[in-house]
Each structure stands twice: as structure tokens, then as C-alpha cells.
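[1] coords below, sequence missing:
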């Protein structure tokens, strides 16, 4: 516990240094990440959402300060609102969670607190219902990967397909139950929070598939697709943008 608290204190000190020097002129920032949750390890980074009064454009940058790798997402209120909306549309509230649960550093406490409360209300509402092209594509891609997995294949190909299928299966499980999903390691973590028993089943099925035994992962995928009308291939269509063309020079 003392070690984790020292890490938290050191991370906050690095964040305050960033605010005073590298991001001089920002109104405030939110300090987030596993270190701030008391869950960090020696390879954990610090996530910063930095907010300026006005920017020409948002950016993301990575750097090291005081021994900490730092990922900074630099915004003003309008660009932050844009990326929050993108999070909502995608069902994986990455930057929303940073703002909702981050520690505020800076002088614009009223504005920062309002942003934080707004982000927390978004998390509390949960994701939008699965509908439209996003839903169709999610079902189609998962169905297609499952069909690829059904075929007789060498173990390395089974593992490669399983690695693509597993996070998409978690997305459908969580979003289909009105729960936020997450990218990378966050998918399994959020499934664990929502349904620990199902998370264990999914993790074991994935581990078996990576080792060449795909039966359990296929069974779980088919069960989940059945909750959404079954396997979806016939009839799927997505139109390219009308401006997706380059004039031929031949």
C-alpha cells in the first residue's frame, strides 16, 4: 500500500510539473491511468487529458518525465466534446473515463468539475442501443471470423483468428447487455466487472483456442450470435462514400 501511494504521489507531482511547464497556458488537466487507481506496475504510464481555453487543433503526444511514460491528450472544450462523442458512438469510453475518474490539476476548478460531472453522467447512462450499420457490421465480422474458425486449420492460424474474434465477441457481449466495452486489455476487465463467471468462461475458451482447441470459443460465439438473430452473412451490405474515387489517368 505504501509503495502504491508513493507511486500515486510521484505521478501527481509529474503531472503538476507538466501542467506548469510543458502545458503552460492550459486551464486544467485530468490525471488518470492505472497508477492513479493504485493498480499500476513498473511499466504503467500516466494518462493526461489536458484542456486549453482554445486550440487550433487537438493532438496526442507521448514522452517521459521523472521516469514516468506519459500519454497526453491535448484539447480545448470543443475538441474534447468531439472525441467524447466519438467514444459514445464507438461504445468504448476511453477519454470519457479519463475525464470522469481523473484527478484534476489546475486553477479552473469550476469548469473542470463541470466537465467531470458531465463525463460521469455519460458513463452512468451506458452506451447507445446496438442498431444500424454499426450493429450489422459487428454481427457480420464476428460471424465471418467464426466461420473462418470452423474450418480445419493449423494451430497458428486458429490462434490468429481467435485473437481477432475474442475482443469482438466481448464487444457484442457487453454492448448487447447495455454495458460499455473497452479497447485492448479493457475488454476482458470490463467483462470481469459485469459478469465474472462469463468472463472466466470466455477467457478459458480463448486460451484453449490459442492452443488449437477451438470448440469452446466457437460454442460461446454461436450462443452470443443467437441472442442477436444468429450468424449474419447473407444480405450484409455496406456502401462506400460517394467521394471514394480517384480519377483514372489511363
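    Looks like it arrived, so ask away. Given the structure is predicted, the values throughout are model-derived calculations rather than measurements.

[2] May I have the phi/psi pair for the residue lying closest to residue 28 once chain neighbours are set aside?
    Closest residue to residue 28 apart from its sequence neighbours, by CB to CB, 6 or more residues apart in numbering: residue 106 at 2.9 Å. The C-beta positions use only the backbone N, C-alpha and C, and glycine is treated the same way. Backbone torsions for residue 106, taken as degrees, to the nearest 10, come to phi 130, psi 180.

[3] Can you give me the pLDDT of residue 106?
    Looking at residue 106, its pLDDT reads 92.

[4] ditto for residue 181
    With respect to pLDDT, residue 181 scores 97.

[5] If you count neighbours, what's buried in the helix ranked longest in the chain?
    Secondary structure assigned by DSSP state H gives helix 155-175 as the longest helix of the chain. Counting neighbours by 16 or more other CB atoms under 10 Å, one finds that the buried residues in helix 155-175 are 158-159, 161-162, 165-175.

[6] again, but for stretch 73-93
    For stretch 73-93, the neighbour count (16+ other CB under 10 Å) marks 73-77, 79-80, 83-84, 87-88, 91-93 as buried.

[7] now do stretch 8-25
    Using 16+ other CB under 10 Å as the test for burial, stretch 8-25 gives 8, 11-12, 14-15, 18-19, 22-23.

[8] And the strands in this structure?
    28-32, 46-52, 59-65, 68-76, 103-106 (DSSP state E).

[9] Where does the record place the domain boundaries for the protein?
    Listed by automatic domain parsing, the domain ranges of the chain are 2-125, 132-226.

[10] Between those domains, which one is closest to residue 244.
    With CB to CB as the criterion, residue 244 lies closest to domain 132-226 of the domains of the chain, at 15.6 Å.

[11] and that closest one, how far from the chain's centre?
    With CA atoms, centre = their mean, to the nearest Å as the basis, domain 132-226 stands 16 Å off its chain's centre.

[12] any idea which of the buried residues of stretch 8-25 is closest to residue 237?
    Minimum distance to residue 237 across the buried residues of stretch 8-25 is 46.0 Å, recorded for residue 23 (CB to CB).

[13] so how far is residue 17 from the closest one?
    10 Å (CB to CB, to the nearest Å).

[14] got it, and residue 145?
    45 Å.

[15] Please apply the same query to residue 101.
    Taken as CB to CB, the span from residue 101 to residue 17 is 21 Å.

[16] Over to residue 78?
    In terms of CB to CB, residue 78 sits 27 Å off from residue 17.

[17] do residue 235 as well
    In this view, residue 235 and residue 17 are 56 Å apart by CB to CB.

[18] pretty sure residue 76 contacts residue 49?
    No - judged on CB atoms under 8 Å, residue 76 makes no contact with residue 49 at a distance of 11.5 Å.

[19] what is the orientation angle of the helix or strand bottoming out on mean pLDDT in the chain with strand 68-76?
    In the chain, the helix or strand scored least confidently by mean pLDDT, DSSP states H and E is helix 2-20, which has a mean of 88. With axes from the mean of the first three to the mean of the last three CA atoms, to 10 degrees applied, the angle from helix 2-20 to strand 68-76 works out at 40 degrees.

[20] What sits closest to residue 136 if chain neighbours are left out?
    Distances taken as CB to CB, 6+ apart place residue 236 nearest to residue 136, at 6.3 Å, with adjacent residues excluded.

[21] So which other helices or strands are in contact with the longest helix of the chain?
    Applying 3 or more CB pairs under 8 Å, 6 or more residues apart in numbering; DSSP states H and E, one finds that helix 155-175 makes contact with helix 132-150, helix 186-194, helix 196-210, helix 215-226.
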